[in-house]
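> sequence isn't available, so here's the structure alone:
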């Protein structure tokens with residue numbers, strides 16, 4: 001009888017372990033399935049955004065000024081935001097004042113802002129001359145770093161994290177405002193995100209928020225100056241222009257709450273090696289939540 005009881009107890013333990021393993025594997029499989037489904041739904045959001053940006057009907061064409069677009073897709077809800085890269089600050093051509101103002105807008109004092117501005121310019125220029133607050137190879141060596149500035153244009157936005165004086169906290173705060181794809185010295189206010197607008201000298205938080213609210217209330221196809229608003233200094237804000245390069249953030253949320261966000265920079269036009277009418281320049285795949 002004792003032996004039988006021990007065998008029954010052992011069988012109960014084995015069955016319980018098997019049930020736990022089966023449940024764990026089922027949950028893992030479900031999570032993987034949901035994450036994959038959400039990822040492809042988010043990809044659909046990017047594809048639709050690119051299609052709508054080239055819509056021949058200007059009254060239906062999506063506008064790349066950060067305004068939200070949301071639509072149902074295969075049981076999921078897809079939320080898309082598009083920003084024209086011309087609205088951002090190009091690290092390779094931005095002048096000292098724009099860069100310094102950008103860093104001051106996130107709370108850095110003038111000395112720290114000047115240092116980062118000059119260090120960025122020393123990184124990208126072709127010479128080894130140190131700007132007044134900048135850094136070339138000797139300064140990197142003195143800081144204990146085993147690398148120095150490339151003395152060449154930035155190839156990616158994340159490369160700026162290697163600049164002397166930059167840290168991850170500062171980078172995360174300026175990342176929405178910077179690019180390497182616009183080629184413009186100053187951001188185009190018709191498409192600029194809040195962080196980039198704040199880098200315009202004389203800009204206030206209230207005016208930046210007002211610019212975003214007014215321009216996003218403009219219907220698609222609107223051209224000309226945005227009435228009732230002007231940049232500091234009196235320049236008009238033109239609801240036109242822009243480039244063919246876009247940052248697209250697409251978040252897909254399933255009915256059970258699982259979501260995933262994709263963040264891509266895409267250049268439209270031409271034909272890529274994959275046969276698609278656009279080229280992916282940057283791709284960041286978010287984690288499922």
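Looks like it arrived, so ask away. For clarity, every value in this text was computed on a predicted model and none was experimentally measured.
> which stretches in this structure count as strands?
Taking DSSP state E as the test, the strands found in the chain are 65-73, 76-84, 89-90, 178-179, 225-230, 236-238, 245-253, 259-268, 278-285.
> format those strands as TSV; extra columns: mean pLDDT.
TSV is the format used below for the strands of the chain (pLDDT from 0 to 100):
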stretch	mean pLDDT
strand 65-73	96
strand 76-84	97
strand 89-90	96
strand 178-179	97
strand 225-230	72
strand 236-238	77
strand 245-253	96
strand 259-268	94
strand 278-285	91
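> please identify the most buried of these.
The highest average neighbour count among the strands of the chain, using mean count of other Cβ atoms under 10 Å, belongs to strand 178-179 at a mean of 27. To be clear about C-beta, it is placed using only N, CA and C from the backbone, and glycine gets the same treatment.
> what lines up beside that one in the sheet?
In the sheet containing strand 178-179, its partner strands are strand 89-90 (parallel), by DSSP bridges.
> any weak-confidence spans in the stretch 51-200 of the chain?
The stretch 51-200 of the chain contains no residues with pLDDT under 70.
> adding distance to residue 206, write the strands of the chain out as CSV.
Output for those, formatted as CSV (distance: least, Cβ to Cβ, whole Å):
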stretch, distance to residue 206
strand 65-73, 18
strand 76-84, 21
strand 89-90, 21
strand 178-179, 23
strand 225-230, 12
strand 236-238, 15
strand 245-253, 25
strand 259-268, 28
strand 278-285, 31
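> which stretches in the chain count as helices?
Assigned helices in the chain, in chain order: 2-53, 96-105, 110-124, 137-142, 168-174, 194-197, 205-217 (criterion: DSSP state H).
> and stretch 113-121, how far out from the chain middle?
On the basis of Cα atoms, centre = their mean, to the nearest Å, stretch 113-121 sits 22 Å off its chain's mean C-alpha point.
> what's in contact with that stretch?
Counting contacts by Cβ atoms under 8 Å, 6 or more residues apart in numbering, the residues outside stretch 113-121 that touch it are 91, 94, 96, 99-104, 108, 131-135, 160, 163-166, 170.
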